[in-house]
Every structure is written in structure tokens, then in C-alpha cells.
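Student: pasting the sequence and the predicted coordinates here, then a few questions.
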Amino acid sequence: MSATQTAPNPPLATPQARRVVFVDLARAVAAVFMLYGHAIDALLAPQYRSGWWHEVWLFQRGLTSCLFLLLSGFAFSIATTRHWTAQITWSPAIVRRARRFSLFVLLGYALHTPVSTVRDLMTASDETWRALLAVDILQLIGMTFIGVQLLVMTLRSRAAVTVAALGIAVATAVLTPAVWAVRWTDHAPLIVAAYLFPDTGSQFPLLPWAAFILLGVALGQIYSRWDPARLPAYATRVLLVPGLAMVAVWLALNAAGAAMVGSGPANFVPSLVLIRAGACLLILAAVTQVSRRVTRLPHVVNAMAQETLTIYFVHICIVYGSIWNPGLRYAFGMTVSPLPLVAIIVGLIAAMAMLAASWNRWKHMHPRRVRTVVIATGVLMLLRLL
């Protein structure tokens with residue numbers, strides 16, 4: 001193993017503030033997309049779900065999850081690079097990461113559990129077990145991060161991780177139709193099959209959604225080696241040009257009516273990944289250019305970017321409900337007209353911004369108290385299930 005493979009990345013020549021502005025601004029934009037997208041999905045009355053604007057919203061809503069996944073991979077990559085030596089061998093840092101990634105998985109299952117108590121599982125139907133074990137975005141992120149961490153520890157070279165992440169991302173998208181064609185519930189336990197194809201009820205199986213996280217990992221590695229003084233060049237060469245190329249290829253394929261890979265009900269997936277990845281790169285290119293003109297973001301924007309897990313968990317409970325509360329969908333259903341819905345969305349965004357800002361400030365001022373609150377909340381949630 002050479003010294004160049006294990007040496008930590010040298011400090012950048014410019015302050016970290018610019019990097020934080022770029023990442024945080026993009027994550028805050030994605031958080032706003034997520035909040036109003038879920039509110040519309042849960043509450044808008046059916047008679048308003050038509051027309052060109054609805055088609056645009058559906059496309060944009062699909063981009064939100066992809067952008068979140070890509071940015072998650074990007075942030076993972078940057079954090080890993082800053083402490084590369086500690087990430088390539090077993091260390092307390094890796095143990096802490098493993099706990100955090102496992103928490104993502106557990107929260108994902110807890111958030112969508114269809115039973116009121118654990119005792120109900122004793123008599124649960126097959127449909128209930130499918131709902132419980134279905135893979136959502138938190139399980140996807142947690143399991144993919146565990147895989148990427150193992151990849152980093154195996155390859156130990158940043159260049160190798162970059163190439164491998166890109167290669168696996170492409171393979172993940174291309175192989176999805178073939179993987180989805182297999183009836184995995186006949187060959188593997190439901191908890192495993194749920195990660196492989198959507199017929200189990202999973203919204204975010206590993207294939208193809210892990211491709212966006214892996215793309216973000218590769219982009220983060222490239223960015224961490226880039227000279228910050230040449231940020232416009234990064235936006236153009238790494239984000240804008242590849243993004244435009246992806247969109248152009250998708251337009252050509254779409255015009256020709258050609259499927260990228262194979263045949264069958266899932267043959268649309270590789271081209272869908274292509275257009276969404278291209279659109280995400282274009283959005284990031286625009287955000288990168290904007291970040292050049294911003295020296296410091298308001299605290300509330302930084303907080304929304306840094307507390308996306310908290311925002312996600314709380315707003316899902318508010319909008320869709322959970323075993324702990326009924327939620328807005330339970331109270332109103334899909335009956336809300338556009339004008340009242342705008343008021344609800346504004347209130348939801350404002351509430352989540354205030355929550356993120358307060359929680360983020362408290363975390364920095366009183367970390368021990370925050371840890372106590374988190375543990376106590378987890379215990380209460382567990383007791384509710386028991």
C-alpha cells in the first residue's frame with residue numbers, strides 16, 4: 001500500500017465556507033422541494049391533479065428524491081475524504097458511522113410500521129409483513145452507506161473509490177430490468193427481497209436508487225480534489241456538460257422510442273435514471289454557480305440543510321401520520337383545493353425551518369442535553385411499540 005493511497009487529503013487553499021455554501025444551499029433547496037411535494041401528494045384534491053402543471057410537478061417530485069440521494073452520497077464522500085485515514089481501517093469513527101447508518105434503517109422501518117404494537121405481528125397477515133418490510137428512502141440510504149463504507153475500506157484509494165462508485169452506479173441502473181424480472185420472494189426471505197425489487201411494496205429498492213447515491217459519492221471525490229479557486233470549471237466540466245449530455249441522450253432515445261436495455265415492464269428504468277441524473281447535475285451546476293456569489297448563508301438555511309433527517313422524520317409524521325399520530329392526510333384526505341394547500345405548505349415549510357434552526361442551535365450549544373433528549377425520545381417510541 002503506497003503512501004499516496006492512505007494519506008489524508010491536503011487542506012484546501014480557501015476556507016471551508018464556500019464548500020459548505022455549495023452543499024448546504026443544494027440540500028436546503030431539496031428540502032423545500034420535499035416538503036411541498038409531499039404536501040401536494042397527500043392533500044391535493046383529485047380534480048386538480050391534471051394538466052401540464054401536474055405533469056411538471058410529477059417530474060420535479062421525482063427529481064427531489066434523486067437529488068436528495070445524490071447529495072447524501074456527495075456529503076458522505078466529502079466527510080470521508082476529510083478523515084480518510086480513519087475511514088480505511090477499523091476505528092471508533094467507523095463504529096460511530098455504522099451506528100448512525102443502522103439508525104437510518106431502523107427509523108425507516110419504524111416510520112412506516114403498519115402495526116400499533118409488536119404483539120400485533122404475531123397475527124400479522126402477509127400484506128402487513130410486506131408493508132412493514134418495504135424499503136423506503138431511509139433504509140436505502142443506510143444500507144447503501146454501509147456498502148460504500150465497506151468499499152472504501154476494501155479499495156483504500158480515493159481514485160479507485162471514484163471509479164468503482166461510477167462503475168457500480170452504471171451497472172446498478174443497467175441491471176435493474178433483469179433484477180426486477182426475477183421473483184425474489186421465491187428465492188429469498190421477504191426482508192431481503194424487499195431490497196431487490198418493488199413488487200414487495202418497496203418504494204426505494206437498492207436497484208436502481210443506489211445509483212444516485214453512488215453518483216454523488218463519485219462527484220464528491222472529484223470535488224474534494226478540485227481547486228476551489230476553479231469552482232466554475234467544476235460546475236461546467238463535471239456537472240453542466242455531463243448533465244446536458246445525459247439529457248441529450250435521453251431525448252434521442254425517447255424520440256426514437258428505443259429502450260436502453262432489454263425488454264419487459266422495467267425496461268424504462270435505465271433511461272429514467274439517465275434523465276433524472278442529468279437533470280440533477282444541471283440543478284447542481286446552477287446551485288454551484290449561485291454559491292460563488294454567496295459568502296454566508298442565513299443560519300436557518302444552513303440548519304435546514306444539516307437537519308434533513310430531523311425534517312424528514314417529523315414532516316412525514318405531520319403530513320402522512322404514523323403509529324404515534326394521525327397526520328394531516330388522516331384529518332383532511334385528498335380534499336384540499338390549491339389556495340388552502342398553499343397556506344398549508346407555507347406553514348409547513350416555516351415550521352420545519354424553525355424546528356431545524358432551533359434544533360441545530362441547541363445541538364451546538366448543549367450536545368449532551370440533545371443526546372439525552374434523543375435517547376429519551378427513542379425509548380418512548382419503543383415503549384409505544386411494545
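Tutor: Perfect, I can see it now. Numbers count the residues shown, from 1 in each chain.
Student: tell me which residue is most central in this structure.
Tutor: residue 69 (3.0 Å; C-alpha atoms, centre = their mean).
Student: quick check: it is in a helix.
Tutor: Yes: assigned with DSSP: H, G, I helix; E, B strand; the rest coil, residue 69 falls within a helix.
Student: report the contact partners of it.
Tutor: 137, 140, 141, 209, 212, 213, 216 (C-beta atoms under 8 Å, 6 or more residues apart in numbering). Every C-beta, even on glycine, is put in place using the N, C-alpha and C of the backbone.
Student: where does the protein have low pLDDT?
Tutor: 1-20, 257-265, 384-386 (pLDDT under 70).
Student: apply 50 and report the result again.
Tutor: The chain contains residues with pLDDT under 50 at 1-19.
Student: can you show me the helices along the stretch 51-200 of the chain?
Tutor: 52-82, 84-87, 92-111, 126-133, 137-155, 158-180, 190-193 (DSSP state H, counting those that start in this stretch).
Student: any chance of those helices in TSV, plus distance to residue 255?
Tutor: Converted to TSV, the helices of the stretch 51-200 of the chain look like this (distance: least, C-beta to C-beta, whole Å):
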stretch	distance to residue 255
helix 52-82	17
helix 84-87	44
helix 92-111	38
helix 126-133	38
helix 137-155	32
helix 158-180	20
helix 190-193	36
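Student: go through the ones you listed and name the closest to residue 288.
Tutor: helix 52-82 (11.3 Å; C-beta to C-beta).
Student: which positions in that closest one come out as buried?
Tutor: Neighbour counts over helix 52-82 (16 or more other C-beta atoms under 10 Å) mark 57, 61, 63-78, 80-81 as buried.
Student: now that helix against helix 158-180, angle please.
Tutor: 140 degrees (axes from the mean of the first three to the mean of the last three C-alpha atoms, to 10 degrees).
Student: and helix 52-82, how far from the chain's centre?
Tutor: Relative to its chain's centre, helix 52-82 lies at 6 Å (C-alpha atoms, centre = their mean, to the nearest Å).
Student: just stretch 335-354 next, same as before
Tutor: Taking mean C-alpha positions (C-alpha atoms, centre = their mean), stretch 335-354 and its chain are 23 Å apart.
Student: contacts made by that stretch with the rest, please.
Tutor: 31-32, 35-36, 39-40, 43-45, 48, 300, 303-304, 311, 314-315, 318-319, 328.
Student: quick one: residue 68 and residue 75 touch, right?
Tutor: No: Residue 68 lies out of contact with residue 75 (C-beta atoms under 8 Å); the separation is 10.5 Å.
Student: for these two, list the residues in contact with both.
Tutor: With C-beta under 8 Å, 6+ apart, residue 68 and residue 75 have common neighbours residue 27.
Student: if we can go back for a sec, give me the subset of the contacts of stretch 335-354 lying in helices.
Tutor: Per DSSP state H, helices hold the following members of these: 31-32, 35-36, 39-40, 43, 300, 303-304, 311, 314-315, 318-319, 328.
Student: widest-spaced pair of those?
Tutor: 43 and 303 (25.6 Å).
Student: between the two, which has more neighbouring residues?
Tutor: residue 303 (26 against 21; other C-beta atoms under 10 Å).
Student: residues contacting that one?
Tutor: So residue 303 contacts 353, 356, 357, 359, 360, 361 (C-beta under 8 Å, 6+ apart).
Student: how much space between it and residue 56?
Tutor: 29 Å (C-beta to C-beta, to the nearest Å).
Student: same thing with residue 207?
Tutor: 27 Å.
Student: with residue 147 instead?
Tutor: From residue 147 to residue 56 the distance is 34 Å (C-beta to C-beta).
Student: same thing with residue 169?
Tutor: For residue 169, the distance to residue 56 - C-beta to C-beta - is 27 Å.
Student: do the same with residue 191
Tutor: For residue 191 relative to residue 56 (C-beta to C-beta), the value is 37 Å.
Student: same check on residue 43?
Tutor: 18 Å.
Student: now do residue 175
Tutor: With C-beta to C-beta as the criterion, residue 175 and residue 56 are 30 Å apart.
Student: swap in residue 336?
Tutor: 20 Å.
Student: kindly report the same for residue 99.
Tutor: Residue 99 is 40 Å from residue 56, by C-beta to C-beta.
Student: can you check residue 171 too?
Tutor: Taken as C-beta to C-beta, the span from residue 171 to residue 56 is 31 Å.
Student: same check on residue 85?
Tutor: Counting by C-beta to C-beta, the gap from residue 85 to residue 56 is 46 Å.
Student: residue 29 now?
Tutor: Noted for residue 29: a distance of 17 Å to residue 56, by C-beta to C-beta.
Student: same check, this time on residue 134
Tutor: Residue 134 is 28 Å from residue 56, by C-beta to C-beta.
Student: quick one: the helices in the stretch 201-350 of the chain, in order.
Tutor: 206-225, 231-234, 241-256, 269-291, 299-306, 308-319, 328-332, 338-365.
Student: for the shortest one, list the C-alpha coordinates in CSV.
Tutor: I take that to be helix 231-234. Only the C-alpha atoms of helix 231-234 are listed here, as CSV (Å, rounded to 0.1, in the frame of the first residue of the first chain):
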residue,chain,number,x,y,z
LEU,A,231,-15.2,26.2,-8.9
PRO,A,232,-16.8,27.5,-12.2
ALA,A,233,-14.7,24.9,-14.1
TYR,A,234,-16.1,22.2,-11.8
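Student: flag every buried residue along it.
Tutor: Those would be 231, 234, for helix 231-234 by 16+ other C-beta under 10 Å.
Student: nice, that's everything, thank you.
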